[in-house]
Structure formats: structure tokens, C-alpha cells
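Asker: sequence first, then the predicted structure, then my questions.
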Amino acid sequence: MRNLKIGVFDNAQANSSGTATWRHPESRRHLFDTLEYWQELAAVCEDAKLDFLFLADAWGWSEIDGTRPPIATEESLDLPRLDPIVVASALLSTTTNLGLVVTGSALVEPPYAFARRMATFDQLSGGRIGWNIVTTGTADTAVKAFGMDMVDHDDRYRMAEDFLDVVYKYWEGAWEPDALEKDKDGRFADPAKVHLVTHKGPFFSSQGYGNTARSPQGTPVLFQAGASPAGRRVGGRHGECMFVGSGSIEQLAGHTASIREEAVKAGRRADDVKVMSAFSCVVGATTSDAERRYRQILDAQRSEVTVASYAMFTGLDLSSYAPETPMADLSTELSQTQVARFSDKTVGDVLADWHTHGVGARPVVGTAEEIADEICALAEGADLDGFLLSPTVQPVSTTDFVESVLPILRARGVFRGEYTEGESLRERLTGAADRALPASHPAAQYRH
């Protein structure tokens, strides 16, 4: 019987997943810029014994033909937002077991500075953090803000691997695990166990000592999402937890199989990568009640948001194409995942679909029992290790799931009742024997 892993997806902004439902009467996402919002949400997640709270992020924003549409600002489609690492760090003192996963870009972040910030976060958390590796899907606007040149899609993944090599060297090789002694009658650290890092790669160069000693996990738990061939290849080589979108059992099974195949090609075991699907739901006392609640959510969003939202992720202005235009005829250097997933659809199909759930999962609408049935069927049929719950309206979507669906999953024996798998996020999420990455992971080569 599967032991499912479940995390909650959120953004440190007023809306999520390319939708704009902040006007919904039950939404409290407009309070995203208050510490109380995040503390309350984290408490719900930890009390429910969920695995982690996942904070997405982006550096870019919506533009159509080089201009930010007013609708994006009116509906807070992408701005303003907060830094997810700062938000997650503020939750360390109010949580004990909950994993905290933050998004960090390998395109615009200097790797040496990023390595120190994440090691600090892992140290203060006691080994409860994860890093969602992104190459910045909204790269066209982000690079302008950073004064950088645009980098092609597949080159961004090559850049990400070079970035990973740099941070691995600092996390795994700069300080040996027992370098610190803190002996007041002796020495603070053993010089023989502190090493100079040297890196010269195609995109990054670095030489120096790690600003931080080795943290509890060394390398944080590595998360990634990417449906393109380049994304799957990088995920299979480096990822510990890969996210896939929503879809049918057959579609998800295909994604899972391809990810595990890439892991094996990289010299890892197929189950070294945990595959989690995006999952969204609207719970009702009856099916008709759930459908009524879902209609209220859709009615809370202005239709004009859809075009601007899709453009933010892909750079494509779908309003400039005829509705019958095949999506297979379009291309982009931004998020190819959000084009590839609609390869058999038309522009009109995509606009209709995107309005309902944006980049997130299409909600399962029904009773708690019906939703639990769907979760179990997807997990078994598609060989999934867990789910990333993408709430439609926060925090009510999370509390509905926790209070009505989760007890059913526990009764069926597919989700834990307590935190029992170890103290670190890696132990709990991947089943690792200890807090460190396994020897089969490419980062392990940099250890002394």
C-alpha cells in the first residue's frame, strides 16, 4: 500500500497559478503580505502532518508586445510579490516538523550567494528545507530587470546544471561534516577539513571557501518541474522530487515513466526520484454542492485575466491568433511546458481551459469520498509517490482538504497520522537512511 506524500502549493502574492480569484469572498490571499497569513497556513499544514509547504516564485511579470496590460495590475496577476525565502524563514520559529520548500532561479541568482543563503536556511531549520530549481519561465521580462541577455530555453537548462555544480561544491565539499569542533580548550574548526572550492564552467566561475559550514542536509532536497525533454533530463539526473501537471491516469503514467527512465539513464535508481502530481479539488457536502462552489470560484475571476496570464508564462498573446489556430503551430523560448501540454488543442481551447485553472491542476469537483477515490486511483494507476495540493481559494481550500479528505486517506492507510520517518525533510520525503544525499547522486562526487 502506498504511503503518499502531500505538500501544499502557494505563492507569496495575492493570486496563484495564473488565475486571479482574490475577489472570492472566502479568499484571504490578499493578506499574503502579512506574517499572520503565513503563520496560520503553516499551522494548518503542520497540524495535519503534511510533508511540506511549497512557495512558488517568479522574477518576471505579464507583458503583451512589450507592454504590461493594466488588467495585470488591477487584478494583481503577478505583482506585487514577496521573496519566498524570507517568508519561509519567518516560519521557522512557529513550525517544528513541516518541510519548507522555496523556489530559486538558476538564471538570475549568483550561485555563490545562493549557496550561502540556502545553507543558512537549512542550518536554522534543522534540515527541513527544499529547493525548487527553476530556470525562470518568465525569463524575457526577468532578464531585462537584471540587465542580462536573454538565454534560450535549452541553454537555460545547461546553465542550471552549471549552477548546480557550483552550489554542490560549496554544500558538499567546502566543509566536511565533522569540520566544526567548537572546543574552547582547543579549536573552533579543523583546517584539514575546510577546503577551497574552484569552479570554472561554461556559465559560472567561482573560487573561494564556503561562507557556511555544512548544514544538516548539506544539499537541500531538490525539487523540479519540467515537461520539456531538457527539463526531464535535468530532473532525472538531479531531482529528488519531480512535479508533473494534472491529467488522466494514462497521461500521468507516461510522465512518470519518462522521468524514472531519465533517472536510470543518469545512473540512478528509478525510485530515486519521487514523482508528485499537481492536484486541486473543490469539496462539497454533495456533488452538486461542490459544483456550485466551483462556479462561484470561476465567477470571481475576470475573463480578461486569461490572455495576460498566459502571456506571462509563455510570451504568447493568444488574443492575436484566430481561435481555431492549432497550438502545435506556436513556439516560444519561455515556458515550453505550457505550450507542450496543449499540443493537440487550439488557441480557443487553451483560453477556455486556462480561465478555469491557469497553470495549475484542473480541480476535481465532488464530495470528500469522491476526491479521495480520485487520489487513490491516480496514485496507483500512474505510479505516483504523492501530490502537490494547489488550492483554488486560500486558505479554505486547504482546510477543506485537511478536514474532509485527509481523514479518508488516513482511514485507507495511504497517509500518515504522525511525523515518524526521521527529522529531516529528505528522510521523510524520500525514505533516505539519513539526512545526506545518497552516493548515487551527482552532488556526492564533491565530498571529501
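Answerer: Yep, it's here.

Asker: tell me the contacts of residue 390?
Answerer: Applying C-beta atoms under 8 Å, 6 or more residues apart in numbering to residue 390 gives the contacts 9, 16, 17, 278, 279, 280, 360, 361. No exception for glycine: its C-beta is placed from N, CA and C like everyone else's.

Asker: host element of the second one?
Answerer: In this assignment (DSSP states H and E), residue 16 forms part of neither any helix nor any strand.

Asker: surely it and residue 10 touch.
Answerer: Yes. Here residue 16 reaches residue 10: they are 6.5 Å apart, a contact under C-beta atoms under 8 Å.

Asker: comparing those two, which shows the higher neighbour count?
Answerer: Legend: neighbour count by other C-beta atoms under 10 Å for residue 16 and residue 10, higher for residue 10 (27 against 24).

Asker: show me what counts as buried in the helix or strand hosting that one.
Answerer: Secondary-structure assignment from DSSP H and E places residue 10 in strand 5-11. Neighbour-count burial for strand 5-11, counted by 16 or more other C-beta atoms under 10 Å, picks out 5, 6, 7, 8, 9, 10, 11.

Asker: make a markdown table from those residues and add pLDDT to it.
Answerer: Output for these, formatted as a markdown table (pLDDT from 0 to 100):
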| residue | pLDDT |
| --- | --- |
| 5 | 97 |
| 6 | 98 |
| 7 | 98 |
| 8 | 98 |
| 9 | 96 |
| 10 | 95 |
| 11 | 93 |
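
Asker: any idea where the strands of the stretch 301-448 of the chain begin and end?
Answerer: Applying DSSP state E, counting those that start in this stretch to the stretch 301-448 of the chain gives strands spanning 364-366, 386-389.

Asker: so of those strands, which one's packed in deepest?
Answerer: For the strands of the stretch 301-448 of the chain, the largest average neighbour count (mean count of other C-beta atoms under 10 Å) is found in strand 386-389, namely a mean of 25.

Asker: what is the mean pLDDT for it?
Answerer: Averaging pLDDT along strand 386-389 yields 96.

Asker: so what are the sheet partners of that strand and their directions?
Answerer: strand 5-11 (parallel), strand 274-279 (parallel) (DSSP bridges).

Asker: ok, the spatially closest residue to residue 18 that is not a sequence neighbour - contacts?
Answerer: Leaving out its chain neighbours, the residue that sits closest to residue 18 by C-beta to C-beta, 6 or more residues apart in numbering is residue 358, at 2.9 Å. With contact set as C-beta under 8 Å, 6+ apart, residue 358 has these partners: 16, 17, 18, 19, 309.

Asker: can you get me a residue count around residue 116?
Answerer: Other residues lying near residue 116 total 16 when counted by other C-beta under 10 Å.

Asker: what does residue 329 give?
Answerer: Around residue 329 sit 9 other residues, with neighbours defined as other C-beta under 10 Å.

Asker: low-confidence ranges, the chain, go.
Answerer: The chain contains residues with pLDDT under 70 at 1, 137-139, 226-227, 333-336.

Asker: the residue sitting furthest away from the middle of it: what secondary structure?
Answerer: Centroid-distance maximum for the chain: residue 185 at 45.4 Å, with C-alpha atoms, centre = their mean. Here residue 185 is recorded as coil under DSSP: H, G, I helix; E, B strand; the rest coil.

Asker: re the thing from before, redo the contacts of residue 390 as JSON lines? Include distance to residue 35.
Answerer: Below are those laid out as JSON lines (distance: C-beta to C-beta, whole Å):
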{"residue": "9", "distance to residue 35": "20"}
{"residue": "16", "distance to residue 35": "19"}
{"residue": "17", "distance to residue 35": "23"}
{"residue": "278", "distance to residue 35": "27"}
{"residue": "279", "distance to residue 35": "28"}
{"residue": "280", "distance to residue 35": "26"}
{"residue": "360", "distance to residue 35": "25"}
{"residue": "361", "distance to residue 35": "28"}
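
Asker: can you pull out the helices in the stretch 301-448 of the chain?
Answerer: 305-314, 337-340, 347-357, 368-382, 396-400, 406-411, 425-430 (DSSP state H, counting those that start in this stretch).

Asker: contacts for the fourth one?
Answerer: Same thing as helix 368-382. The contact list for helix 368-382, computed with C-beta under 8 Å, 6+ apart, reads 2, 4, 249, 252-253, 255-256, 277, 279, 281, 283, 287, 364, 366, 384-387, 401, 404-405, 408-409, 412, 414.
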